[in-house]
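J.: Quick one, structure for this:
(2 chains)
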Number of protein chains: 2
Amino acid sequence: MREMDINKAFTLIEPGPVVLITTNDGVKNNIMTISWTMVVDFTPKFAITTGEWNYSYKALKKFKECVIAIPTADQINQIVSIGTTSGKDINKFEKFGLTPVMGGNVNAPLIKECLANIECKVVDFIKKHDIIILEGIAAYYNSSQKNKQTLHAVGDGTFVLDGRKINRKKAMQSKLP
Amino acid sequence: MREMDINKAFTLIEPGPVVLITTNDGVKNNIMTISWTMVVDFTPKFAITTGEWNYSYKALKKFKECVIAIPTADQINQIVSIGTTSGKDINKFEKFGLTPVMGGNVNAPLIKECLANIECKVVDFIKKHDIIILEGIAAYYNSSQKNKQTLHAVGDGTFVLDGRKINRKKAMQSKLP
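T.: Now for the predicted structure:
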């Protein structure tokens, strides 16, 4: 897992993959599965939708830090298990065989087994809409990982894998940062 | 294009496809390409990131209505062309061979050639972060369309097509609305 250019980190979230968000509440690490995410700025800033219904929310409010980890297709069972259990009852890192690694910039661990990780600070809570605004401050990418296919949650219990890639870099040039 | 259950419309946006957003400024129709979108509520509500830099923003501010259209992989050239031109200079429906169809609930047209369309009302502007909150009020799906593969913008000028689908409905049951 190597540090990557933070100005490219928005390209990890823009395609809309399901992500894992890690937090630490001062006592233990936790992870939640989220697919309601959005880039809001190239710098980068991200929006996520979460609230009191997620156990991780308390840690987010208290420490205002987290890590967005990008899992791949082979981690589908971990993604679903993390999304359907609560950190109130279990230690999800131990239970689901994941390795927490401190990146050093925030009070929340990277997930060693994920394709990429973004250390983030919470910069705003938009309580009215249950939106949190995050600023990415450091990003890491595991280029040695064989399977780089991410997953997109449909919301009905199905997931779509990344398929073929189309290149339109030339035509898009005027719109790229 | 048949009307679909509005309570299922969030499943069109949750996977994170690049979308086309139509508006009407009182004089003419316009379209913009957007990939910074997020579901914020199952009812459904959506967040999009946009601002003065998009010509469509004026129409969104004035009429507070739009349509989110979901294009498919075969529309890649239209998606890129719409995203790299301005409605200030051209009529994008005419220029790019798309057909506007009024759904009847908002002052903005559906795009006949798209896989799905969601008529939306603007319910909030979060100016500080250039986020607009939309409420979906009617949705339409073109089940007769052969190609149902949507596209995910990476943000570097490349796009990823939908690939294989994985079913985890049983395991996810407790988390589905």
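
J.: For residue A:147, give me the pLDDT.
T.: Residue A:147 is assigned 89 on the pLDDT scale.

J.: Ok, residue A:176 next?
T.: Residue A:176 is given a pLDDT of 88.

J.: OK, contacts around residue A:2?
T.: Contact partners of residue A:2, counting by C-beta atoms under 8 Å, 6 or more residues apart in numbering or on different chains, are A:140-143. C-betas here are computed from N, CA, C, even on glycine.

J.: Bridged to it, which residues?
T.: Taking DSSP bridges as the rule, residue A:2 bridges to residue A:141.

J.: pLDDT score assigned to it?
T.: In this prediction residue A:2 is given a pLDDT of 96.

J.: do residue A:173 as well
T.: pLDDT, read off for residue A:173, is 91.

J.: Check residue A:110 too.
T.: Value listed for residue A:110 in the pLDDT field: 98.

J.: Next: residue A:60.
T.: Taking residue A:60 on its own, its pLDDT is 97.

J.: Secondary structure element holding the residue of chain A found nearest chain B?
T.: Ranked by C-beta to the nearest C-beta, the top residue of chain A for proximity to chain B is residue A:16, at 1.4 Å. For residue A:16, there is no host helix or strand (DSSP states H and E).

J.: can you check residue A:117 too?
T.: Residue A:117 belongs to strand A:116-126 when assigned by DSSP H and E.

J.: quick one on the thing from earlier: name the nearest residue to the residue of chain A closest to chain B, ignoring sequence neighbours.
T.: Leaving aside its chain neighbours, residue A:16 sits nearest to residue B:16 (1.4 Å; criterion: C-beta to C-beta, 6 or more residues apart in numbering or on different chains).

J.: Could you do residue A:106 as well?
T.: Nearest residue to residue A:106 in three dimensions, chain neighbours excluded: residue A:65, at 3.8 Å (C-beta to C-beta, 6+ apart).

J.: ok, the one you found - contacts?
T.: A:23, A:106-108, A:119-122.

J.: Tell me how many other residues crowd the residue lying closest to residue A:75 once chain neighbours are set aside.
T.: Spatial nearest neighbour of residue A:75, excluding adjacent residues (C-beta to C-beta, 6+ apart): residue A:113 at 7.0 Å. Other residues within reach of residue A:113, judged by other C-beta atoms under 10 Å in any protein chain shown, total 20.

J.: and residue A:113, what pLDDT?
T.: 97.

J.: Isn't it up against residue A:96?
T.: No. Residue A:113 is beyond contact range of residue A:96, at 9.6 Å (criterion: C-beta atoms under 8 Å).

J.: Using the three-state scheme, assign the residue nearest the centre of chain A.
T.: Central residue of chain A (C-alpha atoms, centre = their mean): residue A:68, 2.6 Å from the mean position. Secondary structure assignment for residue A:68 (DSSP: H, G, I helix; E, B strand; the rest coil): strand.

J.: which ones are touching the closest residue to it other than its chain neighbours?
T.: Nearest in space to residue A:68, with sequence neighbours left out and distances taken as C-beta to C-beta, 6+ apart, is residue A:118 at 4.5 Å. Contacts for residue A:118 (C-beta under 8 Å, 6+ apart) come out as A:9, A:12-13, A:44, A:46, A:67-69, A:136, A:138-140.

J.: That'll do, ta.
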